[in-house]
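Participant: can you look at this prediction? I've put the sequence above it.
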Amino acid sequence: MIFFAAVLKFTIALFLFSSSSSLLKIGTITWIATIFLVYHIGIWSTGYLGPCKCLGGSLDWLTKSQPVIKNVPKVLIAYLLCSYLFSLTYLAKRFRLIATVKVLIISVFLFVGHLSYAQEFEATGKVDYAAYNNNGSIGQHLHYDFTVAVSNNQWFIKAIWPKSYSAEHGCNGKSVFGIIYDPSLTPTNVPTPGNINSGTYPLLMDPYNRVLWLAFASSYYIDTVTNNFMPAPWTDPFNNPRAYAYKVQIERFRKPPKLPAELTFIADKGLLSTAATNVNLDNPFKEDIASLSEIPVGFVGGKFLTTGTTNYNGLEVPVKFEMMQYAPDGFPVVAKWSGRVTKLSPLKKESFLPKIPERGISVADYRFRDKEHNVRYINYNLTNGNWLAENDPALRHQFMVKIGRQTDLPKQYVSRTLVAVILTLLFVIPPFVFLSFKMWGQKKTQQKG
């Protein structure tokens with residue numbers, strides 16, 4: 001899909017530069033702007049709220065503000081459509097200068113946008129994990145393989161362990177989806193466990209996978225980090241308040257995708273006092289809450305380091321990385337993850353969500369977590385191979401029933417879909433009807449002449 005989109009963009013840009021017909025230029029840009037509009041309507045009707053990359057990554061050069069990145073393409077598309085649809089009602093000769101300027105603007109965005117778009121790659125490799133005893137000897141030593149696919153703010157991570165155990169997680173830019181395959185715990189005749197959490201931080205991912213996320217896919221999340229805070233990656237952010245006791249010092253590589261070079265997690269006095277009541281905690285253990293008093297202010301609880309990189313198609317991609325967890329009781333290292341890449345390759349993956357197996361999955365959907373109504377998640381089975389959007393009528397209805405309310409959300413969903421269809425028809429049909437009549441009129445004039 002990315003290849004065909006690139007070919008379309010280059011073809012249109014070349015046509016705009018070479019064509020002498022102002023009318024055809026106006027019609028072409030109206031057509032491509034309409035495609036962008038239909039795309040936005042489509043993702044809006046499914047509930048996706050993330051940034052659109054129809055202008056590539058060119059806006060990333062100007063600002064890191066996600067609201068700006070998300071809204072500028074919409075403003076430009078509205079401008080193109082309104083101005084060109086207006087221009088189509090007049091003779092192209094009257095607007096030759098305006099059309100030329102607009103052609104240059106959209107052409108620059110098409111070229112620059114594509115050149116900066118491809119922050120994508122796939123990687124495979126291996127990770128060594130060691131847990132240490134109090135005397136410094138290794139108490140547990142494990143090895144596992146991994147596969148990673150990244151495209152801007154979308155990613156897929158799979159860790160593969162011996163004995164057919166594996167964990168798959170993927171992000172669509174809005175939520176994180178996971179499936180755990182454990183033959184020792186899941187009989188073949190029952191659904192495989194799955195989970196979903198809102199946001200781009202993998203709250204439901206274990207540290208063995210999260211170290212891979214830090215290394216290859218954390219760039220867009222780090223862009224949103226405020227007050228130097230992110231959960232400690234070596235512990236469970238749903239149940240362990242220690243995850244919220246540290247501020248992080250962030251050093252990033254300068255080249256895209258600007259992944260972390262070093263993350264240092266330092267215990268903070270203010271965070272230690274509020275960690276036990278963090279809104280993300282689900283069911284913290286009393287002993288973990290009590291253990292917060294054992295962490296001294298300024299203590300370095302852990303580090304992530306990228307120890308080797310390579311230039312891959314203009315991207316600075318990790319080839320070696322490690323994560324260490326420390327203990328405040330004098331023992332230098334509690335656990336260490338050491339990873340290395342064995343192969344980098346072009347992106348082939350089109351869907352970044354884990355593939356649902358034929359026997360189905362049992363989903364714990366934390367997107368509907370509501371502490372006020374004591375809702376941890378809603379649970380449902382999926383057997384048709386498709387993950388459900390958060391605004392799915394059946395899911396919204398299930399959630400509303402769980403909190404004891406009636407809902408008209410399915411009607412709202414139908415209304416939104418109807419509006420999307422109507423807007424699409426209003427913007428798609430008129431330009432082509434006008435162009436058809438215009439070309440028919442010109443052909444008729446030529447025949448008379």
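Facilitator: Here it is on my side, so go on.

Participant: from now on I want contacts and neighbour counts done on CA atoms only, so please keep to that.
Facilitator: Fine.

Participant: just the mean pLDDT for stretch 227-242, thanks.
Facilitator: Stretch 227-242 carries an average pLDDT of 93.

Participant: one more: stretch 397-409?
Facilitator: The pLDDT scores in stretch 397-409 average 76.

Participant: do the same with stretch 254-273
Facilitator: In this model, stretch 254-273 carries a mean pLDDT of 95.

Participant: where exactly do the strands run in this structure?
Facilitator: Along the chain, the stretches classed as strands by DSSP state E are 120-132, 138-151, 154-160, 166-171, 175-181, 192-198, 246-252, 260-267, 300-312, 315-325, 335-345, 361-365, 378-382.

Participant: which stretches of the stretch 1-150 of the chain have low pLDDT?
Facilitator: Scanning the stretch 1-150 of the chain for pLDDT under 70 picks out 1-6, 9, 22-23, 26, 30, 36-74, 76-77, 79-118.

Participant: which parts of this protein belong to which domain?
Facilitator: Split into domains by automatic domain parsing, the chain comes to 2-117, 120-394.

Participant: before we move on, back to that, which one of the strands of the chain lies closest to Ala275?
Facilitator: Ala275 lies closest, by CA to CA, to one member of those: strand 246-252, at 9.0 Å.

Participant: for the closest one, packing partners?
Facilitator: Here strand 246-252 touches strand 260-267, helix 269-274, going by 3 or more CA pairs under 8 Å, 6 or more residues apart in numbering; DSSP states H and E.

Participant: what about the stretch 151-300 of the chain, any weak spots by pLDDT?
Facilitator: 185-189.

Participant: sorry, back to before: okay, the helices and strands packed on strand 246-252 in a markdown table with mean neighbour count and distance to Leu315 next?
Facilitator: Formatted as a markdown table, those follow (neighbours: other CA atoms under 10 Å; distance: least, CA to CA, whole Å):
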| stretch | mean neighbour count | distance to Leu315 |
| --- | --- | --- |
| strand 260-267 | 21 | 13 |
| helix 269-274 | 15 | 35 |
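
Participant: quick one, which of the ones you listed is nearest to Ile378?
Facilitator: helix 269-274 (27.6 Å).

Participant: what comes into contact with that closest one?
Facilitator: With CA atoms under 8 Å, 6 or more residues apart in numbering as the test, helix 269-274 has contacts from 244-247, 292, 297.

Participant: beta partners of Gln325?
Facilitator: As for beta bridges, Gln325 partners with Gly302, Ala335 under DSSP bridges.

Participant: pretty sure it is touching Trp234, no?
Facilitator: Yes: the pair formed by Gln325 and Trp234 meets the contact definition of CA atoms under 8 Å, at 6.7 Å.

Participant: just to revisit the earlier point, in TSV, list the domains of the chain along with distance to Ile403.
Facilitator: As requested, the domains of the chain are exported to TSV (distance: least, CA to CA, whole Å):
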stretch	distance to Ile403
domain 2-117	22
domain 120-394	6
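
Participant: which of the ones you listed is buried the deepest?
Facilitator: With neighbours defined as mean count of other CA atoms under 10 Å, the domains of the chain peak in mean count at domain 120-394, which reaches a mean of 18.

Participant: state the distance spanning the first to the last residue of it.
Facilitator: The first residue of domain 120-394 is 34 Å away from its last residue (CA to CA, to the nearest Å).

Participant: what residues are up against the residue lying closest to Leu315 once chain neighbours are set aside?
Facilitator: With sequence-adjacent residues excluded and distances taken as CA to CA, 6 or more residues apart in numbering, Leu315 is closest to Pro256, at 5.4 Å. Contacts for Pro256 (CA under 8 Å, 6+ apart) come out as 119, 314-316.

Participant: make JSON lines out of these and add distance to Phe17.
Facilitator: Output for those, formatted as JSON lines (distance: CA to CA, whole Å):
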{"residue": "Gln119", "distance to Phe17": "27"}
{"residue": "Gly314", "distance to Phe17": "28"}
{"residue": "Leu315", "distance to Phe17": "30"}
{"residue": "Glu316", "distance to Phe17": "34"}
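
Participant: now, the most widely separated pair of those residues?
Facilitator: By the measure CA to CA, Gln119 and Glu316 form the most distant pair in those, at 9.9 Å.

Participant: can you give me the end-to-end distance of stretch 153-168?
Facilitator: With CA to CA as the measure, stretch 153-168 spans 17 Å from end to end.

Participant: contacting residues around it?
Facilitator: So stretch 153-168 is contacted by 143-150, 169-173, 178-183, 208-209, 212-213, 217, 219-220, 352-354 (CA under 8 Å, 6+ apart).

Participant: what's in contact with stretch 358-368?
Facilitator: So stretch 358-368 is contacted by 179, 189-198, 375-385, 390, 399 (CA under 8 Å, 6+ apart).

Participant: what of stretch 334-346?
Facilitator: With CA under 8 Å, 6+ apart as the test, stretch 334-346 has contacts from 120-133, 208, 211, 312, 318-327.

Participant: Val127 and Tyr144 touch, don't they?
Facilitator: Yes: counting by CA under 8 Å, Tyr144 is a contact partner of Val127 at 5.5 Å.

Participant: now the strands of the chain as JSON lines including distance to Leu24?
Facilitator: JSON lines is the format used below for the strands of the chain (distance: least, CA to CA, whole Å):
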{"stretch": "strand 120-132", "distance to Leu24": "34"}
{"stretch": "strand 138-151", "distance to Leu24": "34"}
{"stretch": "strand 154-160", "distance to Leu24": "36"}
{"stretch": "strand 166-171", "distance to Leu24": "40"}
{"stretch": "strand 175-181", "distance to Leu24": "41"}
{"stretch": "strand 192-198", "distance to Leu24": "44"}
{"stretch": "strand 246-252", "distance to Leu24": "46"}
{"stretch": "strand 260-267", "distance to Leu24": "47"}
{"stretch": "strand 300-312", "distance to Leu24": "39"}
{"stretch": "strand 315-325", "distance to Leu24": "38"}
{"stretch": "strand 335-345", "distance to Leu24": "40"}
{"stretch": "strand 361-365", "distance to Leu24": "49"}
{"stretch": "strand 378-382", "distance to Leu24": "48"}
